[in-house]
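In: here you go, sequence then predicted model.
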Amino acid sequence: MKSAMSIKPRGAGDTMRWPLAALRLCSAVASTMTAVDPVTAQSLKQAGVNIFTAIYGVVGVVGAIACLVTLLNWVTGNWLGREDPKKIFFQALLGTALAFGVVAIIQFVKDAVGGSASGISSL
C-alpha cells in the first residue's frame, strides 16, 4: 500500500505541459510561414530588429532616469536613504552599462547566427 506522501495530486507536474506545447506550436507555425514565404521571413526579421531597438530605448530611458535620480540624490544630500549616495550612483551606472552590454551581446549573437546561416539575409 502506498503512503500518503508518495501519492501525487492530480495534475501535478503538468503545469508546464500546455505552455511548452503552445510554444512548440507557435514555433512550428513560424517555421512553416518562413519556409513558404520569404517576404514573411523578412518581416519577422524586421520585427526582431524593431524589438531590439525598443529594448535599447527602454534600457536607455530607465538607465538615464536611475542615473539622474541617484546623481541628484548624491548632490542634494542623500534623500533616498541611508546608504552612501556615491555607491548608489555608481551602482546605477554599472547596472545601466551591464544592461546595455547584455542586450548588445544578445543582438550580436542573433546577428552572427542568423546572418551567416540564413539565405534571407541576402534579400
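Out: Noted; the coordinates are in hand.
In: tell me the buried residues in whichever strand or helix holds residue 70?
Out: For residue 70, the enclosing helix or strand under DSSP states H and E is helix 38-76. Applying a neighbour-count criterion of 16 or more other Cβ atoms under 10 Å, one finds 41, 45, 52, 55, 59, 63, 66, 67, 70, 71, 73, 74 buried in helix 38-76. C-beta here means a position set from N, CA and C on the backbone, and glycine is covered the same way.
In: tell me the contacts of the fifth one?
Out: Spelled out, it's residue 59. With Cβ atoms under 8 Å, 6 or more residues apart in numbering as the criterion, the residues that contact residue 59 are 96, 99, 100, 103.
In: any chance of CSV for the residues you listed, columns distance to residue 85, pLDDT and neighbour count?
Out: Shown next, in CSV, are the contacts of residue 59 (distance: Cβ to Cβ, whole Å; pLDDT from 0 to 100; neighbours: other Cβ atoms under 10 Å):
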residue, distance to residue 85, pLDDT, neighbour count
96, 17, 93, 18
99, 21, 91, 18
100, 23, 91, 15
103, 27, 86, 16
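In: turn those residues into TSV, including distance to residue 113.
Out: Rendered in TSV, the data for these read as follows (distance: Cβ to Cβ, whole Å):
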residue	distance to residue 113
96	26
99	22
100	21
103	16
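In: filter those down to just the ones in helices.
Out: Mapping these onto helices (DSSP state H) picks out 96, 99, 100, 103.
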